[in-house]
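1. Next input, structure requested:
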Amino acid sequence: WVHDEAAGGGRILGEACHFVDLIQYLDGSHLEDLTVTAASNNAYPMNDNVLITLRFASGAIGNIVYSSMGSKKYPKEQLRVLSNGSVYEMDNFIRLKKYGSTKSVKEKLKQDKGIHAEYEYICKVLRGQEKNTVIADAFRGQELLIKAMQKVKES
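-> The predicted model follows:
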């Protein structure tokens, strides 16, 4: 399904979308704009090696580099957040480093991509115990991603 756009939307709509959701969650403001730039290389014809740029109402920006061109020995998923003089760097959702103005802190994490918590949240919403306040964000991110990928295909 990853490479079959008809079945799963392809890697960007089916997988990279989760990083859009994550950055939206971390920023907490309305996603105003999203652009996609795809690598133009005959060796990678699927338009699934991309740079996604996000712009938020808070004034924050985010970049997602989504690629299959690198080494399998390099960490698969990385996240860097730069905010208020600190840098937070996470590798594969298991290692977190914080670089501040005075010291660095390393944390070893139990890998948790939030799947269990997501299902718990869905159950609470379905039971009426919680109100789903974030679904509009997910739809907004996916809408902008679909439009941006259509532009990539047209060019």
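2. Not counting its own residues, what contacts the strand or helix carrying Tyr119?
-> Element membership for Tyr119 (DSSP states H and E) is helix 115-126. By Cβ atoms under 8 Å, 6 or more residues apart in numbering, the residues outside helix 115-126 that reach it are Glu130, Lys131, Asn132. In this view, the C-beta of every residue, glycine as well, is placed from N, C-alpha and C.
3. hmm, what's the outermost residue in this structure?
-> Farthest-out residue of the chain from its mean C-alpha position, per Cα atoms, centre = their mean: Thr102, at 29.4 Å.
4. returning to that earlier point: and the following helix or strand past the helix holding Tyr119, how far from the chain's centre?
-> Next helix or strand after helix 115-126 toward the C-terminus (DSSP H and E): helix 135-154. Centroid separation between helix 135-154 and its chain, computed with Cα atoms, centre = their mean, to the nearest Å, is 13 Å.
5. could you give me the average pLDDT of helix 135-154?
-> Helix 135-154 carries an average pLDDT of 92.
6. do the same with stretch 60-75
-> Here the average pLDDT along stretch 60-75 is 91.
7. List the buried residues in it.
-> By 16 or more other Cβ atoms under 10 Å, the buried positions in stretch 60-75 come out as Ala60, Gly62, Ile64, Tyr66.
8. Start and end of it, how far apart?
-> 25 Å (Cα to Cα, to the nearest Å).
9. Need the residues that contact it.
-> Residues contacting stretch 60-75 (Cβ under 8 Å, 6+ apart): 11-12, 15-16, 19-20, 23, 27, 29, 39, 44, 48-56, 91-92.
10. Leu79 contacts Met90, doesn't it?
-> Yes. The pair Leu79 / Met90 is scored as a contact, 4.5 Å apart, by Cβ atoms under 8 Å.
11. Pop out the phi and psi values for the residue nearest to the spatial centre of the chain.
-> What sits nearest the mean C-alpha location of the chain, by Cα atoms, centre = their mean, is Phe19, with 0.8 Å. Note on Phe19: backbone dihedrals following degrees, to the nearest 10 are phi -70, psi -30.
12. how much space is there between it and Leu145?
-> 10 Å (Cβ to Cβ, to the nearest Å).
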